[in-house]
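J.: sharing a model prediction with you, sequence too.
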Amino acid sequence: MSDKAAKKKQYILDTARGVFAKKGFKNVTMKDIVDACDISRGGLYIYFESTEDIFAELMKNEAEEMDDVFSGSINEESSAGDILALFLKEQKKELLSEKESLLVATYEYAFSNMNNSDRTELFKERLNAFVKVVRKLIEKGSESGELYCEDPEGAARNILNVIEGLKIRSVTTGITESDIDRELLYIMSGLIAD
């Protein structure tokens, strides 16, 4: 893909992100994205076949961005506890983000076609990657004596469930910074070695 084509594709993704954030997933049509991007329908179809293709690409990009932010903030001297705290801080930042959130669209996307095995796999991969990163951090911290955990896999899955619960709560009933801090502090206090 040429540089110009890559920039055009990224422009479409950036613009579509705002459309999905405003309208959710299920209410967005290709026409909505064509109108928002001010391009021809054919121009959009060069890059994407459907709103589902666009949204799947957005999800992959967001996961990569999180990895980049996470990786870029870690240095050789960082302890496992510091890295885990940074990871949870990034989750908090996402929950409190002022930019338009894709949370509602993400859950609509997940629930709109539960029989779609590709979509199910995309979510499983996303959640399993989260668990894998957190599990490795807990294992590293346990090995160094900084953290204590007899079941790093179980703890990582529990952290995932807490974070996902906070995300659902943030888009349904609302959530405050102190709500998030309380839950994240509870997680960390259960892992800090005495």
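T.: Arrived safely.
J.: care to break this protein down by domain?
T.: Structural domains annotated on the chain: 1-51, 73-189, as defined by automatic domain parsing.
J.: could I get those as a markdown table with distance to E57, mean neighbour count and mean pLDDT?
T.: Glycine gets a C-beta too; all of them are placed from N, C-alpha and C. Below are the domains of the chain laid out as a markdown table (distance: least, Cβ to Cβ, whole Å; neighbours: other Cβ atoms under 10 Å; pLDDT from 0 to 100):
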| stretch | distance to E57 | mean neighbour count | mean pLDDT |
| --- | --- | --- | --- |
| domain 1-51 | 6 | 15 | 94 |
| domain 73-189 | 11 | 15 | 84 |
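J.: and the ones you listed as CSV, adding distance to E62?
T.: Listed next are the domains of the chain as CSV, based on distance: least, Cβ to Cβ, whole Å:
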stretch, distance to E62
domain 1-51, 9
domain 73-189, 7
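J.: between the ones you listed, which one is closest to K60.
T.: For the domains of the chain, the distance to K60 is smallest for domain 73-189, at 8.0 Å, taking Cβ to Cβ.
J.: are we agreed that F48 is in a strand?
T.: No. F48 is assigned coil when assessed by DSSP: H, G, I helix; E, B strand; the rest coil, not a strand.
J.: out of everything not next to it in sequence, what's closest to it?
T.: I54 (4.8 Å; Cβ to Cβ, 6 or more residues apart in numbering).
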